[in-house]
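Visitor: A predicted structure for the sequence below; I have some questions about it.
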Amino acid sequence: MTKTEKGAAIEQLKERFENNEFFYIADASTMTAEKTTELRGMLFEKGISMQVVKNTLARKALEALPEENNYSAVFDALKGPTAIMFTEVANAPAKVIKEFRGADGERPILKAAYIASSVYTGDEQLDALAKLKSREEMISDVLTLLQSPMQNLLGALNSGGSKIAGILKTLEEREA
């Protein structure tokens with residue numbers, strides 16, 4: 001790889017890191033070509049792209065970005081064979097990896113995950129990452145919580161109105 005090609009690769013990676021606030025670093029090195037293709041297909045269906053990278057190029061791309069993003073925490077994961085999964089949904093790669101592994105699979109191994117400036121390191125974090133709620137799920141939960149008191153109030157008003165109507169009807173029948 002020439003110096004120009006390396007510079008272009010670093011710029012491309014830098015742009016991908018800037019445009020994705022969630023990415024996973026994994027080791028898929030001993031997987032067969034067939035298994036890797038199957039994994040890429042599963043990732044593609046969920047809108048996740050996987051790119052095998054050279055660690056030094058990935059590190060240089062991350063170092064070129066602003067320090068407040070806390071990318072330095074993932075530098076330890078950039079050792080050995082590395083594949084980076086870029087996503088727009090924080091928990092999607094973890095769910096795909098768990099599904100892909102099934103009962104007997106051990107690859108890909110999660111090295112680290114960068115979720116909106118938080119870093120999760122190690123494969124043991126996979127379950128926690130899979131349980132994270134996506135932004136859409138969190139918004140839905142908040143809307144449900146906000147609707148609940150209003151629904152309770154409307155339900156109470158509606159039930160109270162029918163009670164009053166029932167009482168008035170009973171009093172009217174007594175007078176007659």
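Guide: Looks like it arrived, so ask away. Numbering: from 1, shown residues only.
Visitor: kindly indicate whether the residue most central in space within the chain is helix, strand or coil.
Guide: The chain has Ala90 as the residue nearest its centroid, 1.3 Å off, counting by C-alpha atoms, centre = their mean. Under DSSP: H, G, I helix; E, B strand; the rest coil, Ala90 falls in the coil class.
Visitor: got phi/psi on it?
Guide: Main-chain torsions, Ala90, degrees, to the nearest 10: phi -60, psi -40.
Visitor: ok, it touching Ile115?
Guide: Yes. Counting by C-beta atoms under 8 Å, Ile115 is a contact partner of Ala90 at 4.9 Å. No exception for glycine: its C-beta is placed from N, CA and C like everyone else's.
Visitor: joint contacts of these two?
Guide: 22, 129, 132 (C-beta atoms under 8 Å, 6 or more residues apart in numbering).
Visitor: so for the last one, what's the nearest residue that isn't a sequence neighbour?
Guide: Here the nearest residue to Leu132 in space, its sequence neighbours aside, is Asn91; by C-beta to C-beta, 6 or more residues apart in numbering that works out to 4.3 Å.
Visitor: residues near the one you found, how many?
Guide: The number of residues packed near Asn91 is 19, by other C-beta atoms under 10 Å.
Visitor: surely it and Leu129 touch.
Guide: Yes. Counting by C-beta under 8 Å, Leu129 is a contact partner of Asn91 at 6.0 Å.
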